[in-house]
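> With the input below, show me the fold.
(one chain, ligands or ions: 1)
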Amino acid sequence: MHWWDIPAVHVIETAIFATDPWSIEQFWSELAQPTRHYFVAEIDGAIVGYAGSFVLSPEADVQTVGVAADQRGRGIGAVLLTTLIEQAIQAQAAQLILEVRSDNAAAIAMYQRFGFERISSRPNYYAPGIDAMIMRLRPLAINSTDGGGQQ
Ligand SMILES: CC(C)(COP(=O)(O)OP(=O)(O)OC[C@H]1O[C@@H](n2cnc3c(N)ncnc32)[C@H](O)[C@@H]1OP(=O)(O)O)[C@@H](O)C(=O)NCCC(=O)NCCS
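The predicted structure follows:
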C-alpha cells in the first residue's frame, strides 16, 4: 500500500467498518511507521482489498484485513493473509497474533483455515455477548490447505 492508495482503501474501510472506521490520518500514520507492513489487492488496477501487520520480531500482529463486499469469496482475503504471514516469516517473527469479533464467522473461518488457534478472549469487549477473540498462528507457516498463497 502506498500513500496514494489511501483514498481507495478508505472507501472500502468505511463501507466495511461503518461504525468505527480508521480515519485517513490513521492510515497515513500506519504507513509512516517502519514496523507496519501494508498491502493492497488489485483487480484490473482497482483496489479490492487491503491488509496490514505490525511486526517487531519476534512478535507480529495482524492489524487489519478487509475485502470489498462485492469481491468476497474469491480467495482475495486468503491471498492477503498469506502475504502477511510470508512477510512475518521473512522478518523472522515467531508468531502472528490477531483479535477478531466472536461473531465474525467468515474471518474466524479464514484464520482457522490458516491454522490460527484461539488462545484467549475478552468477554463482552465489543458489545454484550460479543467477545474479542485472540488468535495465534505459531509456528509461522503457510498452512492453508488448498494453496491459498498460490491463488
Ligand atoms: C474476512 C474477509 C477478509 C475474507 O475475505 P474473502 O476474500 O471473502 O476470503 P476468501 O475468499 O479468501 O476465503 C478464505 C477463507 O475464508 C473463509 N470464509 C470466507 N468467507 C466466508 C464465509 N462467508 N463464511 C465462512 N467462511 C468464510 C473460508 O475458510 C475461506 O476458505 P475457502 O474458500 O477454502 O472455504 C472478508 O469477509 C471481509 O473483508 N470481511 C469484513 C472485514 C473483516 O471482518 N476483517 C477481519 C477483521 S479481524
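> Could you find the closest non-adjacent residue to His10?
By the measure of C-beta to C-beta, 6 or more residues apart in numbering, the closest residue to His10 outside its immediate chain neighbours is Ile24, 5.4 Å from it. Quick note: C-beta positions are derived from backbone N, CA and C, even for glycine.
> isn't there a helix covering Trp4?
Yes: counting by DSSP: H, G, I helix; E, B strand; the rest coil, Trp4 is part of a helix.
> Quick one, grab the pLDDT at it.
Note for Trp4: predicted pLDDT of 98.
> Now stretch 30-48: buried residues?
For stretch 30-48, a neighbour-count test (16 or more other C-beta atoms under 10 Å) marks Glu30, Leu31, Arg36, His37, Tyr38, Phe39, Val40, Ala41, Ile47, Val48 as buried.
> Does the third one touch Glu30 like I think?
Yes: checked against C-beta atoms under 8 Å, the pair Arg36 and Glu30 is within contact range at 4.8 Å.
> what's the distance between the residue nearest to His10 and Asn143?
Ile24 sits 34 Å away from Asn143 when distances are taken as C-beta to C-beta, to the nearest Å.
> quick revisit: of the buried residues of stretch 30-48, which belong to helices?
Taking DSSP state H, the ones among the buried residues of stretch 30-48 that sit in helices are Glu30, Leu31.
> now, among the buried residues of stretch 30-48, which is nearest to Val79?
Closest approach between these and Val79, by C-beta to C-beta: Ala41, at 6.2 Å.
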